[in-house]
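Trainee: Starting from these lines, generate the structure:
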Amino acid sequence: MVGHSIGGFLPGYADNAGQISRMLTVGAQYAYWPDYRAGRRSALFLKWHVVMPMLTMAAGYFPGRKLGWLEDLPRGVALEWALRGKEIERGASEGEKRNMRGRFAAVSAPILAVTVSDDDFATPAAVRRSLSYYTSADRLAVMLEPDDLGQASVGHFDLFRAHHAAGFWLDTLLWLGQGVNPWPNRRIE
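Mentor: A predicted model of the protein is given here:
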């Protein structure tokens, strides 16, 4: 299983999450704003947690494409993101919380969580918070520097561009195929 951003966190919601044999997450987190990078936290809070819900309420959906901010999002998705709290299960009933935690705990696959030091969203705190839900998994987090990847900057989205195909993505195959961490000296504790 490979997932980016919220897609690296969401597998634990699946009823069949226990069938995952190995996970690679890239920039995985669930947008809890106090975990954003300190120097950018205020601006990102304003953008994603003030402006986004206001526009969503006014338009009935989030017009991300028109703004050049992502794709359009349905109202419920945008508001859930914008109003998300410290615990992803906030607002769920006790039964729903137990069920969700059980699905996350069913994942016993080893997880390699990769982030980059200039990712505004997937800071070490955010990565640790996301991984904390996978209580039965062997969890390993690494933080790469842009220099490790031959780049001046990488951020949250750049690892999916073609110029990383012969480097980063080949390196990740070591993890996916053999369970070998290609960056042993970059662990986040």
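Trainee: Burial check on residue 54, number of neighbours?
Mentor: Residue 54 is flanked by 11 other residues according to other CB atoms under 10 Å. In short, each C-beta sits where N, CA and C put it, glycine included.
Trainee: name the element it belongs to?
Mentor: Assigned by DSSP states H and E, residue 54 falls within helix 52-59.
Trainee: Just the residues contacting that helix, thanks.
Mentor: With contact meaning CB atoms under 8 Å, 6 or more residues apart in numbering, helix 52-59 is reached by 62, 63, 67, 69, 73, 75, 78, 79, 81, 82, 83.
Trainee: Next, the contact list for the second one, please.
Mentor: Which is residue 63. Neighbouring residues of residue 63 by CB under 8 Å, 6+ apart: 55, 72.
Trainee: Any figure for the gap between it and residue 52?
Mentor: 10 Å (CB to CB, to the nearest Å).
Trainee: cool, and the last one?
Mentor: Here the distance between residue 83 and residue 52 works out to 10 Å (CB to CB).
Trainee: who's more crowded, these two?
Mentor: Between residue 83 and residue 52, counted using other CB under 10 Å, residue 52 has the larger neighbour count: 23 against 12.
Trainee: Now the more buried one. Nearest residue, chain neighbours left out?
Mentor: Closest residue to residue 52 apart from its sequence neighbours, by CB to CB, 6 or more residues apart in numbering: residue 82 at 4.9 Å.
Trainee: distance of that neighbour from residue 51?
Mentor: From residue 82 over to residue 51 the distance is 9 Å, taken as CB to CB.
Trainee: Residue 23 too?
Mentor: Residue 23 sits at a distance of 33 Å from residue 51 (criterion: CB to CB).
Trainee: neighbour-wise, which of the two wins?
Mentor: Higher neighbour count among residue 23 and residue 51: residue 23, with 25 against 15, using other CB under 10 Å.
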